[in-house]
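> sequence and computational prediction follow.
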Amino acid sequence: MRIDLGSSAMPELGRSREAAAGTKAGDMTRAAMPNAEDTAHLTSGSDAVTSLKMQLDALPEVRQERVIALRQAISEGTYQISAHSIAAAMLAELR
């Protein structure tokens with residue numbers, strides 16, 4: 001199988017086979033290099049993310065006071081389960 005990438009195969013390039021053959025590798029490299037005016041600006045968002053991560057790391061993994069309160073309510077028989085709240089939480093989880 002032969003692939004012809006000449007001007008007849010890809011007329012949108014607008015270059016003849018002779019013009020392409022006369023192009024030096026250095027010319028193509030200079031054409032592909034970005035202009036000296038190209039710049040990149042990075043936002044300070046990473047600072048905010050780092051700060052939030054530090055705050056999150058400072059929080060306990062388990063809210064011990066909530067666990068104690070729930071254990072106490074269960075042991076006393078005063079813990080009320082709301083079927084509506086459970087269903088709403090399950091539906092919210094699916095979204």
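Thanks, I have it.
> only C-alpha atoms from now on, for both contacts and neighbour counts.
Fine.
> which secondary structure state does residue 79 sit in?
coil (DSSP: H, G, I helix; E, B strand; the rest coil).
> report the contact partners of it.
Neighbouring residues of residue 79 by CA atoms under 8 Å, 6 or more residues apart in numbering: 70, 73.
> and it, how far from residue 46?
According to CA to CA, to the nearest Å, residue 79 and residue 46 sit 43 Å apart.
> do the same with residue 57
Distance from residue 57 to residue 46, by CA to CA: 16 Å.
> for this structure, what are the low-confidence residue spans?
Filtered on pLDDT under 70, the chain yields the residue ranges 1-35, 42-44.
> hey, where'd the helices end up in it?
17-21, 25-32, 45-58, 64-76, 83-94 (DSSP state H).
> got a markdown table for these, with mean neighbour count and distance to residue 38 too?
A markdown table is the format used below for the helices of the chain (neighbours: other CA atoms under 10 Å; distance: least, CA to CA, whole Å):
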| stretch | mean neighbour count | distance to residue 38 |
| --- | --- | --- |
| helix 17-21 | 10 | 27 |
| helix 25-32 | 10 | 13 |
| helix 45-58 | 10 | 22 |
| helix 64-76 | 11 | 53 |
| helix 83-94 | 10 | 45 |
